[in-house]
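Student: okay, sequence plus prediction incoming.
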Amino acid sequence: MKETFYFSHDYNTRSDAKIKKLIQKHGYFGYGLFWCIVEDLYQNANALPTDYDGIAYEYRTDCNIIFSIINDFDLFTINSDFFGSLSVERRLNERNERSVKARESANKRWNKCERIANALPTQCESNAIKERKGKEIKENKIDFYVFWNLYEKKVGSKSKCEKKWNNLNLETQQKIIETLPKFKNSIKDKQYQPHPETYLNQERWNDDIQSNTEQAMNKLREFYIQSTQPHERERIHKIAKIFERTKILKYKPIDFNKEFMYEHLRACMQHFTEWEVVLEKFIFKNDNENKSIKQLFIEFKNLHRD
C-alpha cells in the first residue's frame, strides 16, 4: 500500500488577499485547481515542472487557467522549468523535523532493548523493529506516475520502467522531471521519441538540450544579426521583449521567418506610436494553446490593417 501523509489546511485560506484575487478571476473552480496543485507538490517533494499543458491535461482544464494560477497571484515560486510553494516547503520541513525526532526516540528505545536483550531478546527486537519501521521516514521520492504521465509516450513494459524509476535517487528524479519538457520539445517528430524504458536506460536526461524558449530566442537573435537596418533591429528587440513578458515561448515555437514578421506587422505598426503595447495586450487577450505565434500575428494584422 502506498504511504500516505496528511498536510494541514489553514481554515482561513480564503481570507488571504492572493487567494481572493484568484477566486475573483477564476471562481471556486480555480480555487479547487489551486489545491490540486498543492496536493501534487506535497506528493513530489515540492517540485513540479512548469508543463502547463501536462498539468491542464491531468486536471482536464484549460492550459491558460493553469498558467494563470501558477504565475499571476504570487502563490508559487518559479525556478526555470520548475515551480514549488514556500508554504509547502515549510510544512514539509516541519514534518521531516518531527520524523527525525521520532526516529531518535525509536533509536533510544532500541538501545534500551539491547541492554536488556538477555531478558526478552526476541520480543524486544521485534517491537523495536516494528517501531522503527512505523516511525522512520522513508526517502521522499517523486511518484512514478508523475514521470509516466509527463513522458506521454506510454509504450513498452510499464512495470520494468516503474522499477527503474523507483531505483533512482531523488536528485536524479528531480533532474528528469525538470529536463523532460526540454527533451520532448527537442523531438520534432514524436515517432522518434524513445520508449520511456530506453530513455531511463540511456540516461537521456543528461543530454545537452536547449529549451523551447532558448531555441526561439536564438532564432530571433538570428533575425537580428541578419537585419541591416537599425529600425528592423529595434523591432526585433521589441518583439523579443513582448515574447519574454507574455511567456508564450515556453510552449510555442517561432513558426515564421523574418520576412513574414515584417510583411504582416509593418502596416499595423505604422498605426501606433507604441505598437508593441497594443500587440502585447492583444496576445494576452487572444492567445490560447491551439494558436501558433504565426496565427496570432495574422489575427493582429487583420484587426489593425488599413
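Tutor: Cool, the structure landed.
Student: wait, a helix at Phe83?
Tutor: No. Counting by DSSP: H, G, I helix; E, B strand; the rest coil, Phe83 falls outside a helix, being strand.
Student: how about it, nearest residue that isn't a chain neighbour?
Tutor: In this structure, Phe83 finds its nearest non-sequential neighbour in Phe76, 4.9 Å apart by C-beta to C-beta, 6 or more residues apart in numbering. C-beta here means a position set from N, CA and C on the backbone, and glycine is covered the same way.
Student: only alpha carbons, please: show the host helix or strand of Lys281 as PDB.
Tutor: Assessed by DSSP states H and E, Lys281 sits inside helix 275-286. Only the C-alpha atoms of helix 275-286 are listed here, as PDB (Å, rounded to 0.1, in the frame of the first residue of the first chain):
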ATOM      1  CA  TRP A 275       2.600  49.400 -31.300                       C
ATOM      2  CA  GLU A 276       4.400  46.900 -29.000                       C
ATOM      3  CA  VAL A 277       2.000  47.700 -26.100                       C
ATOM      4  CA  VAL A 278      -1.000  47.100 -28.400                       C
ATOM      5  CA  LEU A 279       0.500  43.800 -29.600                       C
ATOM      6  CA  GLU A 280       1.300  42.600 -26.100                       C
ATOM      7  CA  LYS A 281      -2.300  43.300 -24.900                       C
ATOM      8  CA  PHE A 282      -3.600  41.500 -28.000                       C
ATOM      9  CA  ILE A 283      -1.600  38.400 -27.200                       C
ATOM     10  CA  PHE A 284      -2.700  38.300 -23.600                       C
ATOM     11  CA  LYS A 285      -6.300  38.700 -24.700                       C
ATOM     12  CA  ASN A 286      -6.400  36.300 -27.700                       C
END
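Student: start the count at 14 instead of 1 going forward.
Tutor: Sure, I'll start numbering at 14, so the last one becomes helix 288-299.
Student: for that helix, name the packing helices and strands.
Tutor: With contacts defined as 3 or more C-beta pairs under 8 Å, 6 or more residues apart in numbering; DSSP states H and E, helix 288-299 has these neighbours: helix 243-259, helix 271-282, helix 306-317.
Student: could I get the average pLDDT for it?
Tutor: Average pLDDT, helix 288-299: 82.
Student: same deal with stretch 80-90?
Tutor: The pLDDT scores in stretch 80-90 average 91.
Student: for it, C-alpha coordinates in CSV please.
Tutor: The C-alpha trace of stretch 80-90 is given here as CSV (Å, rounded to 0.1, in the frame of the first residue of the first chain):
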residue,chain,number,x,y,z
PHE,A,80,-0.7,29.1,-16.3
SER,A,81,-2.6,32.0,-14.6
ILE,A,82,-2.9,30.2,-11.3
ILE,A,83,0.8,29.4,-11.1
ASN,A,84,2.1,32.7,-12.4
ASP,A,85,-0.4,35.6,-11.7
PHE,A,86,-1.0,35.6,-8.0
ASP,A,87,2.4,35.1,-6.4
LEU,A,88,1.2,31.9,-4.8
PHE,A,89,4.1,29.8,-6.2
THR,A,90,7.9,30.3,-6.7
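Student: flag the shaky bits of the stretch 164-313 of the chain, pLDDT-wise.
Tutor: For the stretch 164-313 of the chain, residues meeting the criterion pLDDT under 70 lie at 201, 221-225, 263-264, 274-286.
Student: how near is Leu292 to Val168?
Tutor: In this view, Leu292 and Val168 are 42 Å apart by C-beta to C-beta, to the nearest Å.
Student: which one's more surrounded, these two?
Tutor: Taking neighbours as other C-beta atoms under 10 Å, Leu292 and Val168 compare with Leu292 leading, 22 against 13.
Student: does that one touch Ile255 like I think?
Tutor: Yes. Using C-beta atoms under 8 Å, Leu292 is in contact with Ile255, at 5.9 Å.
Student: does Ser170 touch Glu210 like I think?
Tutor: Yes. If you go by C-beta under 8 Å, Ser170 and Glu210 touch, sitting 6.2 Å apart.
Student: what about Leu309, how many residues nearby?
Tutor: By the measure other C-beta under 10 Å, the count of residues near Leu309 is 19.
Student: what residues sit buried inside the helix holding Lys294?
Tutor: Using 16 or more other C-beta atoms under 10 Å as the test for burial, helix 288-299 gives Trp288, Glu289, Val291, Leu292, Glu293, Phe295, Ile296.
Student: next one: stretch 60-80
Tutor: Result for stretch 60-80 [16+ other C-beta under 10 Å]: buried residues 60-65, 67-69, 71, 74, 76, 78-80.
Student: kindly report the same for stretch 232-252.
Tutor: Residues Lys232, Leu233, Phe236, Tyr237, Ser240, Glu245, Arg248, Ile249, Lys251, Ile252 are the ones in stretch 232-252 that count as buried (16+ other C-beta under 10 Å).
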